[in-house]
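1. Need the 3D shape of this:
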Amino acid sequence: MTTIAYKDDVIAYGSRCTRGTTITDVDCEKLQTLKGVHFLCTGCTCDFDALIEAYFGTAGSAPVEASGYAVDGEALWLIGHDDKTGFWKNRISLDRADAIGNGSPFALTAMDMGATAAEAIEMAKKRDTCSGGQVRTLTIQAEKMPQG
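-> Just a heads-up that it's a prediction; the model follows:
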């Protein structure tokens with residue numbers, strides 16, 4: 001798991017990967033770009049590729065235990081997969097903060113208190129054992145992403 005936060009046209013995320021309570025990587029790049037779409041995923045790293053493929057319409061043959069954000073040039077989407085509905089996506093309003101992953105309650109609270117997305121990840125790192133490493137950011141060009 002990890003923590004990914006969005007606020008004010010910035011998506012921030014850490015670089016720690018864990019397997020259960022074991023830290024497996026402290027410098028993992030979680031941003032993947034495919035066909036011009038940026039993906040930031042949380043959950044089982046072995047399922048990230050299957051989630052991204054599902055975004056483009058390729059159904060997986062096994063359950064996917066991952067969710068994430070997709071920035072496709074038109075909108076910011078929360079994407080995921082579950083056993084009942086398969087692949088799903090929900091549009092995220094760019095005028096409100098959002099966070100996903102293990103440390104999302106800490107990140108959301110920090111942003112509610114005025115923290116930036118990057119500062120919110122720093123706060124999540126203090127309380128969530130699955131969040132850590134370097135804080136990286138992706139800036140979204142809001143003028144290219146109409147609401148509605």
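2. quick one: buried residues of the worst-scoring helix or strand of the chain on mean pLDDT?
-> Ranking every helix and strand in the chain by mean pLDDT, DSSP states H and E puts strand 17-19 at the bottom, with a mean of 84. Within strand 17-19, the residues scored as buried using 16 or more other Cβ atoms under 10 Å are Cys17, Thr18. From N, CA and C alone the C-beta is placed, and that goes for glycine too.
3. Which strands or helices does that strand pack on?
-> strand 22-25 (3 or more Cβ pairs under 8 Å, 6 or more residues apart in numbering; DSSP states H and E).
4. which helices and strands does the strand it packs on pack with?
-> Against strand 22-25 (3+ Cβ pairs under 8 Å, 6+ apart) you get strand 17-19.
5. Residues contacting the strand it packs on, please?
-> Residues from elsewhere that reach strand 17-19, judged by Cβ atoms under 8 Å, 6 or more residues apart in numbering: Met1, Thr2, Ile23, Thr24, Asp25, Val26, Cys28, Thr45, Thr129, Cys130.
6. please redo it, this time with the cut-off set to 6 Å
-> For strand 17-19, the external contacting residues (Cβ atoms under 6 Å, 6 or more residues apart in numbering) are Thr24, Asp25, Cys28, Cys130.
7. Please apply the same query to stretch 81-101.
-> By Cβ under 6 Å, 6+ apart, the list of residues contacting stretch 81-101 reads 1-7, 42, 51, 54, 63-64, 75-80, 107-108, 111, 142.
8. Which of these are buried? Put it as a ChimeraX command.
-> The buried residues among the contacts of stretch 81-101 can be selected in ChimeraX (16+ other Cβ under 10 Å) with this line:
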select :1,2,3,4,5,6,7,42,51,54,64,75,76,77,78,79,80,107,108,111
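9. Give me the subset of the contacts of stretch 81-101 lying in strands.
-> Of the contacts of stretch 81-101, the ones assigned to strands by DSSP state E are Thr3, Ile4, Ala5, Tyr6, Lys7, Thr42, Leu76, Trp77, Leu78, Ile79, Gly80.
10. State the pair within the residues you listed that is farthest apart.
-> Across the ones in strands among the contacts of stretch 81-101, the longest distance by Cβ to Cβ is 20.4 Å; it joins Lys7 and Gly80.
11. In this structure, what residue spans correspond to helices?
-> Ranges of helices within the chain are 48-55, 104-112, 117-127, based on DSSP state H.
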